[in-house]
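>>> What would the 3D arrangement of this be:
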Amino acid sequence: MKMLFFAFMLLLCLPAAPARKLRRDSQLIRGSVPHRRLTGHISYNFKSRRRTPRSDDDAGAMTPTDSNADDLPTCLLCVCLIGSVYCEEVSPVITSVPALPKESTYLYARFNKIKKINKKDFADTVTLKRIDLTGNLISEIEEEAFSKLSMLEELSLAENRLIKLPILPTKLSTFNANQNLLKTKGVKANIFKKLTMLANLFLADNLLDAVPNIPESVRILHLQNNNITNVTIDTFCKSDNNYYLRPSLSEVRLDGNPVVLSKYPDSFTCMKVLPVGRYR
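Numbering: from 1, shown residues only. I've put the predicted structure just below:
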C-alpha cells in the first residue's frame, strides 16, 4: 500500500513541474537583467539604438529614416568632434553645405551631392582651416563664398563639375581642383598671384590650354592631363632676368598634354628639375 501511495503522489506532482519551469523561463525573458544593472554607459547605448517601429507605435515619436537632410541638425546628420565636422557619404543625401557650428575648424563633406556653394555658407565660420568637398556635384561657387575665411589653409574641390574658380583665400597652402571642367578662361590669369603661402597646387585632369600664373611659393604643381599646347620663358622663369631662379619648385607634371617640352628648352632654365612630360 505504501508503494501505491508514493506512486500516486508522484503522478500528481509531475504536471506541476513543467508549469513551474515555464513560469521561471517566462520571468527570465521578460526581465532577466535587474533594472539597476542597466544604468550608466550600458543604459545609454540601449536608449540610443534605433528600433523598427511596430504597428501600435506613435508614428510621430519615431525617428524618420527617409527625412530630407536639410531638416536635420548638422551634428545629428554628421559627426561633430571638437571643431571637426565629418559629413562624408551622408544618408539621406545632402545637396548643400550644412550649417556648421561657429567654432568649426575642419569640414569634411566628401562624396555627397552638393551642387552649389553660396557666399553665406561659410559666412559665420571664419575659424575654418580646412575644407574638403571632394566628389560632389559642385558646378557653381559664388565669387565671395570663401572671402571671409582668412584662416583657411587647405581647400579641396576635386572631382566636381566646376568650369571656373572663385576668389581664393590668401593663406591657402594647398589647393586641389583636380578632375573638374576648368578651362583657361575660367581661371583668371592672376587668381593665384596673392596666394604667397601656396605650396601645393593641383589642377590635373581639366581642360586648361595654358599654364596659369604660378606663385613663387609653389613647390608641387600638377597640370597633367589637360590641353596645354605650349609654354613660354615667362611661364616658370623670367625673360628679362637671366639670373632668376626658382629653387622651391621641385615637382612639375605636364604629362598627358599635347605640348612637346623639348621645343622650349629656355623655358626651364630657372628650375632645378625638368617638368615631367613629353619631350619627343
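>>> pLDDT below threshold where in the chain?
Residues of the chain meeting the criterion pLDDT under 70: 1-72.
>>> can you map out the strands along it?
If DSSP state E is used as the criterion, the strands of the chain fall at 79-81, 84-86, 106-108, 116-117, 130-132, 140-141, 154-156, 174-176, 200-202, 220-222, 251-253.
>>> give the contact list for residue 148.
Residue 148 makes contacts with 122, 123, 126, as judged by CB atoms under 8 Å, 6 or more residues apart in numbering. For glycine as for every other residue, the C-beta is placed from the backbone atoms N, C-alpha and C.
>>> Take these and write them to TSV, including distance to residue 144 and neighbour count.
Shown next, in TSV, are the contacts of residue 148 (distance: CB to CB, whole Å; neighbours: other CB atoms under 10 Å):
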residue	distance to residue 144	neighbour count
122	10	22
123	9	13
126	13	13
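>>> okay if I get the residues you listed as TSV plus distance to residue 170?
Output for those, formatted as TSV (distance: CB to CB, whole Å):
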residue	distance to residue 170
122	15
123	18
126	14
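>>> quick check, nearest of these to residue 132?
Ranked by distance to residue 132 (CB to CB), the contacts of residue 148 are led by residue 122 at 13.3 Å.
>>> Which residue, other than its chain neighbours, is closest to the closest one?
Distances taken as CB to CB, 6 or more residues apart in numbering put residue 149 closest to residue 122, at 5.8 Å, once the chain neighbours are dropped.
>>> And residue 112, by the same measure?
The spatially closest residue to residue 112, leaving aside those adjacent along the chain, is residue 94, at 4.9 Å (CB to CB, 6+ apart).
>>> Give me the neighbour count for the one you found.
22 (other CB atoms under 10 Å).
>>> same check, this time on residue 233
Number of residues near residue 233 (other CB under 10 Å) recorded here: 15.
>>> Check the one 3 residues further on too.
Burial of residue 236, expressed as a neighbour count using other CB under 10 Å, amounts to 22.
>>> again with the one 4 residues further on
Around residue 240 sit 8 other residues, with neighbours defined as other CB under 10 Å.
>>> Let me see the contact set for residue 108.
Going by CB under 8 Å, 6+ apart, residue 108 touches 84, 85, 86, 87, 88, 132.
>>> try 10 Å this time
With contact taken as CB atoms under 10 Å, 6 or more residues apart in numbering, residue 108 is in contact with 78-79, 84-88, 130-134, 156.
>>> among those residues, which two are most distant?
Across the contacts of residue 108, the longest distance by CB to CB is 18.6 Å; it joins 79 and 156.
>>> what about residue 98, how many neighbours?
There are 21 residues near residue 98, going by other CB under 10 Å.
>>> just residue 147 next, same as before
15.
>>> circling back to that earlier point, can you get me a residue count around the residue nearest to residue 122?
Counted by other CB under 10 Å, the residues lying close to residue 149 total 22.
>>> That one contacts residue 166, correct?
No. Assessed by CB atoms under 10 Å, residue 149 is found out of contact with residue 166, at 11.4 Å.
>>> number of nearby residues for residue 263?
10.
>>> where does it sit relative to residue 280, distance-wise?
Distance, residue 263 to residue 280, using CB to CB, to the nearest Å: 10 Å.
>>> likewise residue 138?
For residue 138, the distance to residue 280 equals 38 Å [CB to CB].
>>> Have a look at those two and say which one is more surrounded.
residue 138 (21 against 5).
>>> need the contact list for the nearest residue to residue 237 once chain neighbours are set aside.
Once flanking residues are discounted, residue 237 sits nearest to residue 270: 3.7 Å by CB to CB, 6+ apart. Residue 270 is in contact with 233, 236, 237, 238, 241, 242, 243, 244, 245, 246, 247, 249, counting by CB under 10 Å, 6+ apart.
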